[in-house]
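Student: Okay, here's the prediction I keep looking at, along with the sequence it came from:
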Number of protein chains: 4
Amino acid sequence: MAIRAAVAGASGYAGGEVLRLLLGHPEVRIGALTANSNAGQRLGALQPHLPQLADRVLEPTGAGTLAGHDVVFLALPHGQSAAVADELGDDVLVIDCGADFRLKDAGAWERFYGTAHAGTWPYGLPELPGARKALGGTRRIAVPGCYPTAVSLALFPAYAASLAEPEAVIVAASGTSGAGKAAKTHLLGSEVMGSMSPYGVGGGHRHTPEMAQNLSAVAGEPVTVSFTPTLAPMPRGILATCSAKARPGVTAQGVRAAYEKAFQDEPFVRLLPEGQWPATAHVNGSNAVNVQVALDEAAGRIVAVSAIDNLTKGTAGGAVQSMNIALGLPEELGLPYTGVAP
Amino acid sequence: MAIRAAVAGASGYAGGEVLRLLLGHPEVRIGALTANSNAGQRLGALQPHLPQLADRVLEPTGAGTLAGHDVVFLALPHGQSAAVADELGDDVLVIDCGADFRLKDAGAWERFYGTAHAGTWPYGLPELPGARKALGGTRRIAVPGCYPTAVSLALFPAYAASLAEPEAVIVAASGTSGAGKAAKTHLLGSEVMGSMSPYGVGGGHRHTPEMAQNLSAVAGEPVTVSFTPTLAPMPRGILATCSAKARPGVTAQGVRAAYEKAFQDEPFVRLLPEGQWPATAHVNGSNAVNVQVALDEAAGRIVAVSAIDNLTKGTAGGAVQSMNIALGLPEELGLPYTGVAP
Amino acid sequence: MAIRAAVAGASGYAGGEVLRLLLGHPEVRIGALTANSNAGQRLGALQPHLPQLADRVLEPTGAGTLAGHDVVFLALPHGQSAAVADELGDDVLVIDCGADFRLKDAGAWERFYGTAHAGTWPYGLPELPGARKALGGTRRIAVPGCYPTAVSLALFPAYAASLAEPEAVIVAASGTSGAGKAAKTHLLGSEVMGSMSPYGVGGGHRHTPEMAQNLSAVAGEPVTVSFTPTLAPMPRGILATCSAKARPGVTAQGVRAAYEKAFQDEPFVRLLPEGQWPATAHVNGSNAVNVQVALDEAAGRIVAVSAIDNLTKGTAGGAVQSMNIALGLPEELGLPYTGVAP
Amino acid sequence: MAIRAAVAGASGYAGGEVLRLLLGHPEVRIGALTANSNAGQRLGALQPHLPQLADRVLEPTGAGTLAGHDVVFLALPHGQSAAVADELGDDVLVIDCGADFRLKDAGAWERFYGTAHAGTWPYGLPELPGARKALGGTRRIAVPGCYPTAVSLALFPAYAASLAEPEAVIVAASGTSGAGKAAKTHLLGSEVMGSMSPYGVGGGHRHTPEMAQNLSAVAGEPVTVSFTPTLAPMPRGILATCSAKARPGVTAQGVRAAYEKAFQDEPFVRLLPEGQWPATAHVNGSNAVNVQVALDEAAGRIVAVSAIDNLTKGTAGGAVQSMNIALGLPEELGLPYTGVAP
């Protein structure tokens, strides 16, 4: 029997990507599509790349329109998910693509988001130690942020194997879709093409405590994160360059072995052959994560790089992968693993 | 029982796209992968976006490696297909992504390609009048050129309904993958990013006689084609802007009706709602063709615009769609219809 | 003695480019910088590429702030120039980068712009026959539209030499800066990168009557224009592909000779050597216009292609070039002729 | 009297940029242009953005063609500069855009370049402590690498003021022109557009010891450098994100003050107003360096970001700036300070 899924926030980039993936999922039937300011419009005018849904009309987001589904994906601005989820009932699988339920530390939430903490849901990054188990059978999923997905997967094997000092330095480049579909001058094509620029420098980006939470949990001790996101002239993709000081005695072979072990059974994470480095184009439109790692002996640092598609594995793909686990479906069902390249 | 398919020229862009689509095709099992200069290499080093095939090793192209398959896709330089096809036998479905068997007029072939004409195979553009029938059960398919695919679909309804004078003017922009994967200075990223440039201006592009052939067949009279291709700063996509003088008495409603009729049962061609125009990003990675048409009353011209992905519908998707027809499978089987956007 | 110049609309793309050029002009001193909604802001926050002016504060646009200058550049929304110009007095050189005073035909103006016609000023495209003379000593200049600049320069030699039938077909690709700096969803980097799309198809673009006006004047008879603009994934540049049926007896040599004659004394227009075609990157940031032309004998059409930088020669460069003429300065003074490439 | 300058390697990107700048330099007359494999070709076919030089024919590189000039710019592959310089004589100003004479440590040279060390010339980064003085009157200049230019300027103030621990972590994104004009598959537009990828990860990039040399000299103690370069989908520009642990007691105000002091008299380096971050587009085509710095108190790190144009300040602009100093001309003469943006 088909799973009936609704998508709240269907006119944005995250919602559009959820729909793209659900259209390819053999067990899902797409139900209500809702939006806020775009309610009443045809989806074909807003998401012209989804022709199968072109004649669907967006309904207003609310418990009334979202009720009656097995799964509800929320792709809403921060702060709106709790109220919607409360009304949907405990037997509906609610998958929040927003940040509201990602952090465990209420103080960190309040410092970075400036509002009261809504709570914590099972975290939709199955590759993290313990995460897959927590997702089995759950009816609430907090989808990770796109940067924390890329960064956590690049670095957790080093911390799981106690190879790295607990101070991570991360510089990541993201495609512009990570900034959303709201019209802003600094996101115009004229501004972003041909340009690289950082933002949220110095510890201000909201994904920072989420990365620290993930890495600290794996390390078993607090890991500080220096995180600098940069905007790259491409629509999609995140390249995360992550490093930390190697603990004494760490060898290149030891690093390689730790990463091989961490990813050996993962369906979507590929540790590339030695010497081959990730590129975002190779995972474009795919749920794949490409990872490579090296030990810089002169600088004494482990350097790990990951590439993901911020909208697929970084948002909608991670959401569907977690949905599959929660519903007892094969984890890879309906998820693209090939990239659209060149 | 699975169809066993081989791909000759698996290291290039066309071959890579055929493989991407075959990986998503439920009835196909991928057999031999061959190349010329890249034979002996792992596919993972050449097509890193196809992780499922990363450990496959490319074999040399030849009858020996290609024998024993139900379908053989040829993505070879011009002039090499005939010899390979001859050795494969008549019961193997040979699908040539190259130009060798597209043209019926040996004189046009010789003028534009400078070699002896190899012959003509059923033409893999099912949407053209009569083409779908010719593909049924065939064991030889000539996949159309990427530009002729976009242009023929944009203009044939006007000629089928006798709305347009037989002089078509076409300017098309193509992503750089249309120029192939051979390393050339003028195709470097440094050269193409931020730049639009024409090439083959004045009637010299080899796709010109193919467009004329298609449009003339539909019109029932010779149609001349003025074709200017331009290179656009994007990896994929063709936007074809096509126009012709409207015949006396032609109305906007008449034009719209002709296009609606032409595409009403087509699974991959979408005549967009009035006022909405195609964009290549919306069909990125998809076999869809987006078309719109207008009558410019002041200039007296019908203007039709189509957008395709040059590698998907323009090459590999058209090939797989035609394969499905030839083998009696559902025409849409395994073909993406959603675009990867933004 | 320095010329004192003010710029109204200094926070937009056209105004920013005027300032970039004036900073390099040895005879100009930059006076007031004005804006509407951005008045009160530091220019450094809005035009970070102009460090010399970073600490200037934008004043509100009006006769009060613009008075007391020798030259006033207007980079304002359509419809606002007449009132400002009236207040500035007849001895001030007013250079309107907007459309208000470009068209001679009040009916065409009203059809395309929907408002009352403000009048006609000398037209700032010195390369057109007669235009340079009309600019000498004038105190009012209508800077041409960016597309009409590219198109008129590509085609007028053919009409001046009576080589072409009076029906021009034009498809042009523009960088996104041509659409301005206002935040709109369809101009987001996420939407435009990797995408080509047309707009204003079927005769609706406001630059159409301006092209027809220019070509008709040269031809000595009405020339109809079929114009399709397309948006290209690059910040700057216009590539205009223009064609018209060749008159009987026209030869390739005759076409070449007409273009050589038309441009032989032009400081900024380059007819490229035969076989070399324009690319927008080569005129990036430059006032140069690169042109090439061919006769397609099979299709019977003259095909001319031009490349300009839409913000430089297409707007601000054309404005400064015309200013130089009006003020009796050397025409090339302060204008870049090299492109910033790659 | 004009300075007569020759450019060896005039067909590549570095040579082309030297020529672009020299064309705008009021004291320089361009003499011989030489190349290796491209000797005999018209420059117009190779550098179409330099129309003033289009009809110049490239001569073979050698002492014969380069003799008789006041200044010779070398834009040659590594290892060729010493022989050319030796033949030119001590009174000719030889400016090497290559790496041969940058490093002082012969062992580091041999480890990273694999050849015998040629020597050390005065280093063409005038902003470094002591460098300007060493350039005055010299007849040999080693132009810094593009990455070391961006990185050294971002970090040296922190080390000059003893604010940072001697372990720098750097991730930099470069436009593709940094990889040169030789045709390579991985640099094709189809490969680089829409993609970010790292290379030389783990300490292997040849610019690493040059950065360490510069920072160590300023710090007065050995500074280790962890450097990861990434290739960004843009033709030009470097964004360098650099960080190091703050020494105990360092404050945000102290960091700001150190940077203000370091750059207060620099003509080309701009410490942006607090809260404004660099973007490569803003220095496109310009010799400007935009820098910003922050103290991440939670992570305990100083984070500095710089943006340059890799071909201008990163290569040719740095070369001309150093030439001006060596010849006693005003340091800013002929150098662009505005960026070409958007």
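Tutor: Yep, it's here.
Student: count of neighbours near A:Asp86?
Tutor: 12 (other C-beta atoms under 10 Å in any protein chain shown). No exception for glycine: its C-beta is placed from N, CA and C like everyone else's.
Student: Name the helix or strand for it, please.
Tutor: Assigned by DSSP states H and E, A:Asp86 belongs to helix A:81-88.
Student: Chain B contacts on the stretch 151-300 of chain A?
Tutor: A:177, A:181, A:193-194, A:235-236, A:270, A:272-273, A:276, A:279, A:281-286, A:288, A:290 (C-beta under 8 Å from any C-beta of the partner chain).
Student: and those, which are buried?
Tutor: A:177, A:181, A:193-194, A:235-236, A:270, A:272, A:276, A:279, A:281-286, A:288, A:290 (16 or more other C-beta atoms under 10 Å in any protein chain shown).
Student: Among these, which ones lie close to chain D?
Tutor: A:193-194, A:235-236, A:279, A:281-282, A:284.
Student: wait, which of those is closest to B:Pro48?
Tutor: Proximity of these to B:Pro48 (C-beta to C-beta) peaks at A:His282, which lies at 4.3 Å.
Student: Ends of stretch A:87-105, what's the gap?
Tutor: Chord length of stretch A:87-105, first to last residue, is 25 Å (C-alpha to C-alpha, to the nearest Å).
Student: buried ones in it?
Tutor: In stretch A:87-105, counting by 16+ other C-beta under 10 Å, buried: A:88, A:92-103, A:105.
Student: What of stretch A:38-55?
Tutor: For stretch A:38-55, by 16+ other C-beta under 10 Å, it's A:38-39, A:42-44, A:46-51, A:53-54.
Student: quick one: contacts of it?
Tutor: Applying C-beta atoms under 8 Å, 6 or more residues apart in numbering or on different chains, the contact partners of stretch A:38-55 are A:10-11, A:16, A:19-20, A:23, A:30, A:33, A:35, A:56-61, B:270, B:272-273, B:276, B:279, B:281-284, B:286, B:288, B:290, B:337-341.
Student: if you set the cut-off to 6 Å instead, what comes out?
Tutor: For stretch A:38-55, contacts defined as C-beta atoms under 6 Å, 6 or more residues apart in numbering or on different chains pick out A:11, A:16, A:19, A:23, A:56-58, A:60, B:270, B:282, B:338-339, B:341.
Student: Most widely separated two among the residues you listed?
Tutor: Top of the distance list for these (C-beta to C-beta): A:Pro60 and B:Arg270, 27.6 Å.
Student: Low-confidence ranges, the stretch 201-342 of chain A, go.
Tutor: Across the stretch 201-342 of chain A, nothing is flagged by pLDDT under 70.
Student: Alongside chain D, which residues does it contribute?
Tutor: For the stretch 201-342 of chain A, the contact set with chain D under C-beta under 6 Å from any C-beta of the partner chain comprises A:201-203, A:224, A:226, A:228, A:232-234, A:239, A:241, A:243, A:277, A:279-281, A:294, A:296, A:298-299, A:301, A:303, A:305, A:342.
Student: so where's the longest helix in chain A?
Tutor: helix A:146-160 (DSSP state H).
Student: close enough to count as contact, A:Asn284 and A:Thr338?
Tutor: No - using C-beta atoms under 6 Å, A:Asn284 is not in contact with A:Thr338, being 9.6 Å away.
Student: ok so, going back, only the buried subset of the contacts of stretch A:38-55, as a PyMOL command please.
Tutor: Remark: buried members of the contacts of stretch A:38-55, expressed as a PyMOL selection using 16+ other C-beta under 10 Å:
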select buried, (chain A and resi 11+16+19+23+56+58) or (chain B and resi 270+282+338+339+341)
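Student: what mean pLDDT does stretch A:128-135 have?
Tutor: Across stretch A:128-135, pLDDT averages out at 98.
Student: chain center to it: distance?
Tutor: 15 Å (C-alpha atoms, centre = their mean, to the nearest Å).
Student: One more: stretch A:159-169?
Tutor: 22 Å.
Student: From one end of that stretch to the other, what's the distance?
Tutor: OK, stretch A:159-169 end separation, C-alpha to C-alpha: 13 Å.
Student: repeat for stretch A:204-213
Tutor: 15 Å.
Student: Quick one: residues in contact with that stretch.
Tutor: A:102, A:108, A:112, A:145, A:147-148, A:151, A:223, A:225, A:227, A:229.
Student: What helices and strands are in contact with the helix holding A:Asp86?
Tutor: strand A:93-96 (3 or more C-beta pairs under 6 Å, 6 or more residues apart in numbering or on different chains; DSSP states H and E).
Student: does the helix or strand that the strand it packs on is followed by come close to chain D?
Tutor: Of the helices and strands lying after strand A:93-96 in sequence (DSSP H and E), the nearest is helix A:106-113. No - Helix A:106-113 stays out of contact with chain D when judged by C-beta under 6 Å from any C-beta, the minimum separation being 9.6 Å.
Student: next SSE after helix A:106-113?
Tutor: helix A:131-135.
Student: Name the residues of that following helix that are buried.
Tutor: Residues of helix A:131-135 classed as buried: A:131-132, A:134-135 (neighbour count, 16+ other C-beta under 10 Å).
Student: from the residues you listed, which two are the most distant?
Tutor: A:Arg132 and A:Ala134 (7.4 Å).
Student: quick one, domains of chain A?
Tutor: Domain segmentation of chain A under automatic domain parsing yields A:3-144+A:313-326, A:147-310.
Student: And those: which comes nearest D:Tyr159?
Tutor: Nearest to D:Tyr159 among the domains of chain A is domain A:147-310 (16.0 Å), distances taken as C-beta to C-beta.
Student: Now name the helix or strand holding the residue nearest to A:Pro273 when sequence neighbours are not counted.
Tutor: Excluding the flanking residues, the one nearest A:Pro273 by C-beta to C-beta, 6 or more residues apart in numbering or on different chains is B:Gly44, at 6.9 Å. Applying DSSP H and E as the criterion places B:Gly44 in helix B:43-46.
Student: quick one: the strands in chain A?
Tutor: A:3-8, A:28-35, A:59-60, A:71-74, A:93-96, A:140-142, A:164-174, A:197-198, A:224-231, A:238-246, A:269-271, A:289-296, A:301-308 (DSSP state E).
Student: deepest of these, which one?
Tutor: Among the strands of chain A, judged by mean count of other C-beta atoms under 10 Å in any protein chain shown, the one packed with the most neighbours on average is strand A:301-308 (a mean of 30).
Student: and that one, what does it pack onto?
Tutor: Against strand A:301-308 (3+ C-beta pairs under 6 Å, 6+ apart) you get helix A:146-160, strand A:238-246, strand A:289-296.
Student: residues contacting the nearest residue to A:Glu17 once chain neighbours are set aside?
Tutor: Leaving aside its sequence neighbours, A:Glu17 sits nearest to A:Ala316 (C-beta to C-beta, 6+ apart; 3.7 Å). Contact partners of A:Ala316, counting by C-beta under 6 Å, 6+ apart, are A:17-18, A:21.
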